[in-house]
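**Student:** Compute the structure for the input listed below.
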Amino acid sequence: MVRLKDIALQAGVSVMTVSKALRDAPDVSGATKARIRDLARQMGYVPDTAAQGLRTRSTKLLGLVVSSLTNPIFARIVLAIEERAHELGYDLILAHTHNKVDREGEAIQRLLARRVEGLIISPVYRLASEDRVYRELKNNGTPTVVLGHTAPFCSQFLNVACDDSAGAYAVTKHLLSEGHKRIAYLAGPPVTPWTRERFEGYRRALREAGLDVDDKLVFQAGRAIEDGAKAALQMINEGEVPTAVQCVNDMVAVGAVETLLQQGYRVPEDVSVTGFGNILLSQHFRVPLTTIRQPKFHLGQAAMDLLMQMLRGARPEPKRIPAELLVRDSTGPAPVGKKNAA
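**Tutor:** Alright, predicted model coming up:
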């Protein structure tokens, strides 16, 4: 392992001069700094960041807490956060919660023990109005950005989120413009704010069209493919097959389409289906999904920008990122002659 004194010996200067040059100290000439840095690179010198942290009280570490990278929504978000952190000279420590409250608390505590300078957290949503770990984060003054919508237990933190209500509204308006009036809704986990926002967008578009939400057309799904498949089968078994099905996310939509096709329905000729999120599968599924494009890379960049502003002592505002409707093959005009009364 190359040490400072090895570089000093090779450069013919003192260890102190090498240290100052690598720290960009003002009392070392530019030429000397350039020569020492080039020599350090040639010799393969790797700075001891732990030792530097003890001297400067800066670890250059950031913590990122998400449910799981198996959730396709997070792939590009995490990529954006890591890329931006790298540009700024920070290392990222990633922790998974698997949507478990206890594991989330443990992950945050471990990251704090590693002396991370800031945190980006995609919360495990719960009904509780407050949470001990989040209260400690606030009391400690740890710069924290919530990735997604806030809830009562984390409402004291800045957040960056997609405009889910506007996105769902756009989807419903698209279906209405195609002549659909009986539009079923496959909802997500009731405890999550994004579920409520997306349902509110659906309800608002129906209301503007002079239609009421038909409770018989609202089915509790979840967030996974199997959840969408089960909800669609329940819908069929209850004899409530509409002309269109609006799903809370793309995974639920994929499950719903699979079930509809297995049961002999054509998509979109008999039933139009929409998703939300624009995960990679949505474009390459056997029936490419009409969906909402969540700007995932932009969300990650925005979260990092908020965190860096906080680390610099600024007081930024929360960010809401607009979404975009993408119309693909899974939606079409309401079938003529099929029951489509409100």
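
**Student:** From here on, just use CA atoms for contacts and neighbour counts.
**Tutor:** Fine.

**Student:** List the buried residues of stretch 312-326.
**Tutor:** 319-320, 323-326 (16 or more other CA atoms under 10 Å).

**Student:** do stretch 274-285 as well
**Tutor:** 274-279, 282-283.

**Student:** Out of the residues you listed, name the ones that lie in strands.
**Tutor:** residue 274 (DSSP state E).

**Student:** and which of the buried residues of stretch 274-285 is nearest residue 123?
**Tutor:** Closest to residue 123 out of the buried residues of stretch 274-285 is residue 277 (18.0 Å), distances taken as CA to CA.

**Student:** pLDDT wise, what is that closest one at?
**Tutor:** We have a pLDDT of 97 for residue 277.

**Student:** if I look at it, how far off is residue 316?
**Tutor:** Noted for residue 277: a distance of 26 Å to residue 316, by CA to CA, to the nearest Å.

**Student:** Over to residue 157?
**Tutor:** From residue 157 to residue 316 the distance is 11 Å (CA to CA).

**Student:** ditto for residue 288
**Tutor:** 39 Å.

**Student:** Also residue 123?
**Tutor:** 20 Å.

**Student:** Low-confidence bits of the stretch 51-200 of the chain, can you list those?
**Tutor:** 51-57 (pLDDT under 70).

**Student:** Break down it into its helices, ranges please.
**Tutor:** For the stretch 51-200 of the chain, helices defined by DSSP state H, counting those that start in this stretch occupy the ranges 73-87, 101-113, 132-140, 164-177, 193-208.

**Student:** ok, and for the first one, which residues are buried?
**Tutor:** Of the residues in helix 73-87, those buried under the neighbour-count criterion (16+ other CA under 10 Å) are 73-78, 80-85.

**Student:** Looking at the residues you listed, spot the one nearest residue 258.
**Tutor:** residue 73 (20.7 Å).

**Student:** got the contact list for the nearest residue to that closest one once chain neighbours are set aside?
**Tutor:** Spatially, and ignoring its direct neighbours in sequence, residue 73 is nearest to residue 279 (6.4 Å; CA to CA, 6 or more residues apart in numbering). Contact analysis of residue 279 by CA atoms under 8 Å, 6 or more residues apart in numbering lists 72-73, 250.

**Student:** again with residue 331
**Tutor:** Residue 331 neighbours (CA under 8 Å, 6+ apart): 175, 244, 267-268, 271-274, 289-290.

**Student:** same deal with residue 33?
**Tutor:** Contacts of residue 33 (CA under 8 Å, 6+ apart): 21-22, 24.

**Student:** buried sites along the helix or strand it falls within?
**Tutor:** Here residue 33 sits within helix 30-43, counting by DSSP states H and E. By neighbour count on 16+ other CA under 10 Å, the buried set for helix 30-43 is 33, 36-37, 39-40.

**Student:** go on, stretch 14-22?
**Tutor:** 15, 17-19, 21-22.

**Student:** Turn those residues into TSV, columns for distance to residue 255.
**Tutor:** Below are the buried residues of stretch 14-22 laid out as TSV (distance: CA to CA, whole Å):
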residue	distance to residue 255
15	64
17	64
18	61
19	59
21	59
22	56
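
**Student:** Show me which pair in these is furthest apart.
**Tutor:** Every pair of those checked by CA to CA; the farthest is 15 and 22, at 10.7 Å.

**Student:** Number of residues surrounding residue 168?
**Tutor:** 31 (other CA atoms under 10 Å).
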